[in-house]
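Visitor: Here is a sequence with its predicted model. Questions after.
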Amino acid sequence: MLTLAIDGKNYLLDLVERLGRAGIFLLMGLWRIVTPPYKLQPLIKQIYFIGSRSLLVIVVAGVFVGMVVALQFYDTLVRFGSVSLLGAAVGLSLMRELGPVITGLVIIGRAGSAICAEIGIMRNESQIDALECMAIDPYRYLIAPRLLAALISVPLLTAVFITVGIGGGYFVGVILFEVSPGSYFIGMYDAVLWQDIVMGATKSLVFGLIMIWVATAKGFFLHLDKSGVHGSEGVSKVTTDTVVLSSITMLFADYIVSSLIL
Amino acid sequence: MSEKKLQVLTGIFMVIGLICLSYLAIKLGELNLLGNERYPVIAKFTSASGLRVGAYVEAGGVRVGLVDKIEFDTDDYLAVVTMAIDNTVHIHEDAMASIRTAGIIGDKYVKITPGGLDYLEPGGEITETEPSINLEELISKYVFESGDKKK
Amino acid sequence: MANQATNPAVNIQNLKCHYGDKLALDDINLTVAEREILVIMGHSGSGKSTLFKNVLGLVTPTAGVVEVLGKDISKLKKTELYELRKSIGVAFQNGALFSSLSVRENIELPLREHTRLDDSTIQIMTMMKLAQMNLVGHEDLMPAQLSGGMLKRAGLARAVIMDPKLLFFDEPSAGLDPVTSAELDQLILQLRDALNMSIIIITHELESAFNVADRITILDRGKQILTGTRDEIRASDDKRIVNMLGRKVRDDAIDAEAYLDSLTKGRSK
């Protein structure tokens, strides 16, 4: 019993320590974003990696999610004779919930894991120590461009996802099930309010921040991992941790943001 | 990869993303950046009961605008309803605005019955109006009357 | 000249350093003069890396003084420390090149980050270092495409691109065959003459150490056993050193013979 209590206390202390470390890490990174010198080239490289390279998978995911949402809502709405609400239902669900969440999950899988592994390997091969030794600030050189690139790319990707999803919904609703195109679009335009756009945008920003924060911090502090697993095994461990932790945190934040705005 | 190609691909992504973002903000969020696509028309009703902001304005069964504001005119004791009508739709001076219900318990909307005179200017007033029919009043009237008959 | 002689590149007095409760370095006293090559030797866990982190200010010592290029490391602010590090070059064991950058971009990086030189100047300076390190023709490869020796040379090129006054080299001969290792030792000696710098080398290879060192320091479990010239080390009758020098050679011989034996026996059966 006593050892259990001590274990619990140590675990809590450890958790608080890691949270504090991650928090300071984020502040250091964000501070470097707002203070000069600003360098465009690393930022472009990261936007290319997080944004451009995710564009295709986001488009494909968006089409199918839009299609399945339209299919499900059509099947439900047709029972109540309210098929004219299809556009509103598709638009609202994509804008408020599915767009930000699924984009976030896809980006965690595609970019978050890769960024964590990349930084983890850099830590492992003492590349980060080498930066320190060359008097190059690793926060400015490695972390800040990735943070900013994620904060720019994820909302844009979410916008692409929603737009493409609306198109997928149009295909199923209007072309397959012959809902009138006018009622699809006008119903959607009238139902989706500015407040819903704000919610979608807030969520995508928050999710982008969570994704990149967890990924970079996990990789950066690879050598401090308490499990003592380092080397390539350590990299694979923190990468898995990143995907699990950022997905869970993201879904938790999803609820918080929704309840704050609603 | 060359620096140029990287920049081009990043640029393409940013442009696509920004186009989607502006589409969502302007079309869905009704962000008015490109000037007004609608113009206001006023109508005064003796009762606007059940009519909400955002309700449809229909002409000939087609949606031509939205209810923008509902205010109360203390002088005339009337409900002043401001409607935002699509720019492509013109409304006659002698048109009639009536508040109707979609289905028996559906939402209230404003129905415009066309007239034949000149078109209204933006901000003009539809003088001929028909108030909303209060369903509860109708029902209670029916219930009480039938109750009276039983007695 | 006299002034310079009294101003060593590195001056360590009574240095102690703890990792948690563990005493990693115990009472280290070291000086590295200008243009001197000091080799720090010891088994893994003897505190070599900790010493090196202390000198770079990556770790804060528990007690003692660490002066590098005339500045007390522990009294420097972060920005001053960064400024000081610009005149220190560090070559890591496996090069620690950035895997996402080509060899050329890796070597150019300190110049691009710390100077406002134009592209052509940076290119010329990089080409000079590439030529010095015998890497011409490989500059557009990625680090993953290089051999172990080339990685070390590229890492060395990056370490000296800013013409530092002090160079650290972590395990120059680790993982290299004897010929490549000897070439690298030769390169280090040339570099010292060309760039006039003090060099601190961390190694556990005896042969390499005796090839390049002006002086050698031997560490064991965080303690400084002996510091002296090559001859002083050879002449030492300290048991641990005799043991270290002797066992090293013998171990290698036995290992090789045993290995050959196992091969031939395997074949004949």
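Guide: Perfect, thanks for sending it.
Visitor: Please, where are all the strands along the chain?
Guide: In the absence of a named chain, chain A is used. Using DSSP state E, no strands are found in chain A.
Visitor: I was thinking of chain C, sorry if that wasn't clear
Guide: C:10-19, C:22-32, C:37-41, C:63-68, C:71-72, C:88-91, C:166-170, C:198-203, C:215-220, C:223-229.
Visitor: ok, and which of the ones you listed has the densest surroundings?
Guide: Highest mean neighbour count of the strands of chain C: strand C:88-91, a mean of 27 (counted as mean count of other Cβ atoms under 10 Å in any protein chain shown). C-beta coordinates here come from the backbone N, C-alpha and C atoms, glycine included.
Visitor: Show the contacting residues for the residue most central in space within chain C.
Guide: Centroid-nearest residue in chain C, with Cα atoms, centre = their mean: residue C:169, separated by 1.8 Å. By Cβ atoms under 8 Å, 6 or more residues apart in numbering or on different chains, residue C:169 lies in contact with C:91, C:156, C:159, C:188, C:199-202.
Visitor: Same question for residue A:120.
Guide: Counting by Cβ under 8 Å, 6+ apart, residue A:120 makes contact with A:218-219, A:222, A:234-235, A:238-239.
Visitor: How about residues contacting the longest strand seen in chain B?
Guide: When chain B is scanned for its longest strand (criterion: DSSP E), the result is strand B:62-73. The contact list for strand B:62-73 (Cβ under 8 Å, 6+ apart) reads A:186, A:190, B:38, B:40-41, B:44, B:48, B:51-58, B:78-86, B:89, B:110, B:112.
Visitor: Which ones among those residues lie within strands?
Guide: Reading strands off those with DSSP E, I get B:38, B:40-41, B:44, B:56-58, B:78-86, B:110, B:112.
Visitor: Got a quick PyMOL command for the buried subset of the residues you listed?
Guide: In PyMOL, a selection of the buried entries from the ones in strands among the contacts of strand B:62-73 looks like this (16 or more other Cβ atoms under 10 Å in any protein chain shown):
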select buried, chain B and resi 38+41+44+56+57+58+78+79+80+81+83+84+85+86+110+112
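Visitor: ok, and of the ones in strands among the contacts of strand B:62-73, which contact chain A?
Guide: By Cβ under 8 Å from any Cβ of the partner chain, the members of the ones in strands among the contacts of strand B:62-73 lying near chain A are residue B:56.
Visitor: what number of residues lie near residue B:71?
Guide: Number of residues near residue B:71 (other Cβ atoms under 10 Å in any protein chain shown) recorded here: 13.
Visitor: on that earlier part again, next, check the contacts of residue A:120 against the helices and list the overlap.
Guide: With helices taken from DSSP state H, the overlap with the contacts of residue A:120 comprises A:218-219, A:234-235, A:238-239.
Visitor: Among those residues, which one lies nearest to residue A:74?
Guide: Within the ones in helices among the contacts of residue A:120, proximity to residue A:74 (Cβ to Cβ) peaks at residue A:239, which comes in at 39.5 Å.
Visitor: my read: the closest one touches residue A:118, true?
Guide: No: Residue A:239 is beyond contact range of residue A:118, at 9.7 Å (criterion: Cβ atoms under 8 Å).
Visitor: Could I get the pLDDT score of the nearest residue to residue A:110 once chain neighbours are set aside?
Guide: The spatially closest residue to residue A:110, leaving aside those adjacent along the chain, is residue A:54, at 5.3 Å (Cβ to Cβ, 6 or more residues apart in numbering or on different chains). For residue A:54, the pLDDT comes out at 92.
Visitor: need the contact list for residue 115.
Guide: Using chain A. A:49-50, A:146, A:212, A:215-216, A:219.
Visitor: Chain C is the one I meant
Guide: By Cβ under 8 Å, 6+ apart, residue C:115 lies in contact with residue C:122.
Visitor: For residue C:181, which non-adjacent residue is spatially closest?
Guide: Counting by Cβ to Cβ, 6+ apart, the residue nearest residue C:181 is residue C:173, at 3.9 Å.
Visitor: Ignore what I typed, I meant residue C:105.
Guide: residue C:98 (7.8 Å).
Visitor: mind listing what the one you found touches?
Guide: Residue C:98 sits next to A:122, A:127, A:130, C:105-106, C:109, C:143 when contact means Cβ under 8 Å, 6+ apart.
Visitor: most neighbours, which of those?
Guide: Neighbour counts for the contacts of residue C:98 peak at residue C:106, which has 26 neighbours (criterion: other Cβ under 10 Å).
Visitor: tell me the contacts of the closest residue to that residue other than its chain neighbours?
Guide: Excluding the flanking residues, the one nearest residue C:106 by Cβ to Cβ, 6+ apart is residue C:97, at 4.7 Å. Neighbouring residues of residue C:97 by Cβ under 8 Å, 6+ apart: A:127, C:103, C:106, C:143, C:146, C:151, C:154-155, C:158.
Visitor: got it, and residue C:71?
Guide: C:80, C:84.
Visitor: name the helices or strands packed onto whichever helix or strand residue B:21 is part of?
Guide: Here residue B:21 sits within helix B:3-23, counting by DSSP states H and E. Where contact means 3 or more Cβ pairs under 8 Å, 6 or more residues apart in numbering or on different chains; DSSP states H and E, helix B:3-23 is packed against helix A:40-47, helix A:144-170.
Visitor: in stretch A:61-80, what's buried?
Guide: Buried-residue list, stretch A:61-80, by 16+ other Cβ under 10 Å: A:61-63, A:65-67, A:69-71, A:73-74, A:77.
Visitor: let me fix that: stretch A:154-174
Guide: A:154-166, A:168-170, A:172-174.
Visitor: Surely residue C:188 touches residue C:37?
Guide: Yes: shown here, residue C:188 and residue C:37 form a contact pair, counting by Cβ under 8 Å, at 7.2 Å.
Visitor: which residues are common contacts for these two?
Guide: Here residue C:188 and residue C:37 share the contacting residues C:199, C:201, C:212, scored by Cβ under 8 Å, 6+ apart.
Visitor: what's around residue C:75, how many residues?
Guide: For residue C:75, using other Cβ under 10 Å, the count is 10.
Visitor: ok, it to residue C:60 distance?
Guide: From residue C:75 across to residue C:60, the span is 11 Å (Cβ to Cβ, to the nearest Å).
Visitor: go on, residue B:55?
Guide: 69 Å.
Visitor: Repeat that for residue A:33.
Guide: 28 Å.
Visitor: do the same with residue B:117
Guide: Distance, residue B:117 to residue C:60, using Cβ to Cβ: 89 Å.
Visitor: what's the answer for residue A:191, then?
Guide: Note on residue A:191: its distance to residue C:60, by Cβ to Cβ, is 60 Å.
Visitor: List the contacts of the closest residue in space to residue C:42 that isn't next to it in sequence.
Guide: Excluding the flanking residues, the one nearest residue C:42 by Cβ to Cβ, 6+ apart is residue C:219, at 3.7 Å. Counting by Cβ under 8 Å, 6+ apart, residue C:219 touches C:28, C:40-42, C:46-48, C:51, C:225.
Visitor: cutoff 6 Å now
Guide: C:42, C:46-47 (Cβ atoms under 6 Å, 6 or more residues apart in numbering or on different chains).
Visitor: Likewise for residue B:113?
Guide: residue B:96.
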